[in-house]
Structure formats: C-alpha cells, structure tokens
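# mind folding the following:
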Amino acid sequence: MSNAIIFDTESARFGLPLLFSGQTQKEVYVNEAHAIMDALLHCAIEGVASSAPAGPVDGMNWLIGDNAIGEWEGKSGSLACRQAGGWIYIAPRDGLQILNRATGQICRYFGGWQFPARMNAPTGGGVIDAEARDAIGQLILALQALGFAQT
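Next up, the predicted model:
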C-alpha cells in the first residue's frame, strides 16, 4: 500500500485549489479549478495587451504585455482570463503553449514567452537558383501558415 499524500492548499503547477474533507463551500473551490482548467485547455489568446480591453467577454484570454496598467498592473507576462465577469490571472509555466488569435501564431513559455521569429525570403548570393529559392519560399509560407513563423 502506498503512503498517503499530504496536499498543500493548491496544486504545484498552476495553483488549482484543492479540496479537503469537511471543507465548506467546496463548490467555490471546484468552480475556480474548473475555470482555470477551462482557460488553459487548448489555450488561445485574443492578443497581447498591457491594459484590460473595454467590454471583455467571458472566455476571452489575453497575454499581459510589458508595463501593464490599470487592472493588470503588476501582472506582466501572465495570462488574463475573463471568467464570470472578472479576471483570473495565471502565471505561465515552462511548456505552456498558446495560440495568438490576432496573429495566428503559436507562442510557448520556456523561461519567458518565446514568439516566432520573422522569416524572410532568401536574397543575395553569387549564384541564384530560382528553384531552390522557390522551394525555400514555399517552406517559409508553410511555416507561417502553421503559426511557426511571423508573417
């Protein structure tokens, strides 16, 4: 038989609230955990912003940019997720991936947010191979369409 696990009050990775025997208002903790999981599951953000948008809709997520102001002050780099008329802030962890709906790009967190680099078509060179340049151009377009390179 394995040893019993003694839990803290929240999960280690994303701070999901944990339940305890005899706890009152368990639905509050369960609903908060579900709201955080809902925001992170196949996470898509509306874009990057340093202040809360006017008239946000529940279910929208934003990546908080540098020098955040207003409601988001002090939360730069976190995800702001609109749930039940309020903001839930989620600190990113290594391995988190998001889809930026504004750019169609995949961004990931690894010690900081990693954004796709801009890829330019090949130029210059002593001998110009039109077929090779066309192939490279097609590869760049494919990577951009998949969200792995800036358009």
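# name the element the one residue sitting closest to the centre of the chain belongs to?
The centroid of the chain falls nearest to Ile98 when counting by C-alpha atoms, centre = their mean (3.7 Å). For Ile98, the host element (DSSP states H and E) is strand 97-100.
# that strand - contacts with which helices or strands?
If you count contacts as 3 or more C-beta pairs under 8 Å, 6 or more residues apart in numbering; DSSP states H and E, strand 97-100 packs onto strand 44-45, strand 61-64, strand 105-109. Quick note: C-beta positions are derived from backbone N, CA and C, even for glycine.
# looking at those, which is buried most?
Mean neighbours per residue, mean count of other C-beta atoms under 10 Å, is largest over those for strand 61-64, with a mean of 23.
# any idea of the mean pLDDT for that strand?
The average pLDDT within strand 61-64 is 96.
# equivalent analysis for stretch 93-101, please.
91.
# before we move on, back to that, contacts only, for the nearest residue to the residue nearest to the centre of the chain once chain neighbours are set aside.
Excluding the flanking residues, the one nearest Ile98 by C-beta to C-beta, 6 or more residues apart in numbering is Cys43, at 4.6 Å. Each residue near Cys43 by C-beta atoms under 8 Å, 6 or more residues apart in numbering is listed here: Asn61, Leu79, Leu96, Gln97, Ile98, Leu99.
# same list, the helices and strands packed on strand 97-100, but as CSV with distance to Gly55 please.
As requested, the helices and strands packed on strand 97-100 are exported to CSV (distance: least, C-beta to C-beta, whole Å):
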stretch, distance to Gly55
strand 44-45, 17
strand 61-64, 13
strand 105-109, 25
